[in-house]
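# any chance you can model this:
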Amino acid sequence: MRDAAAYYEEQAPGLGGDFLDDVERGTHWVQQFPFSWATYEGEYRRHLLRRFPYGLIYRVGSEKIFIIAVAHLRRKPGYWKSRE
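All right, here's what the predicted structure looks like:
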C-alpha cells in the first residue's frame, strides 16, 4: 500500500494521498457492511476501490475483520494467499 501511494505521488503531487484516502474509505465501508461484497477465493471477500485498480482483500472473523491485502487487480494475482 505504501509503495503504491509513493508511486502515485511520483506521478502527480497529491495523487498518493488520494490513493490512501480511497483505501481508508474502502476500509470504512468494509467495517460498516462486511458482508456486502461477494465471496472471493473461498472465505475471503473483495471490496474494489472506487478510483484506483486495487481491491481490499479481507476475511470476516467471529469478532474481527482481517484485511489481508490491498491488492492490485491486474498484477500478481493471488500473491496475498500465503499471508494468513
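
# isn't T39 up against I57?
No - counting by CB atoms under 8 Å, T39 does not reach I57; the two are 11.3 Å apart. Any C-beta I mention is one placed from the backbone N, CA and C, and that applies to glycine too.

# identify the contacts common to those two.
The contact sets of T39 and I57 overlap at R45 (CB atoms under 8 Å, 6 or more residues apart in numbering).

# so those two - more neighbours on which side?
The neighbour comparison of T39 against I57 (other CB atoms under 10 Å) goes to I57, with 22 against 12.

# quickly list what that one is bridged to.
Following DSSP bridges, I57 is listed with bridge partners R46, A69.

# that one against Y40, yeah?
Yes - in this structure I57 lies within contact range of Y40 using CB under 8 Å: 7.1 Å.

# okay, and the common contacts of these two?
Joint contacts of I57 and Y40 (CB under 8 Å, 6+ apart) are R46.

# scan this protein for its longest helix.
The longest helix of the chain (DSSP state H) is helix 15-32.

# pull out the buried residues from it.
Using 16 or more other CB atoms under 10 Å as the test for burial, helix 15-32 gives 15-16, 19-20, 22-23, 26-27, 30.
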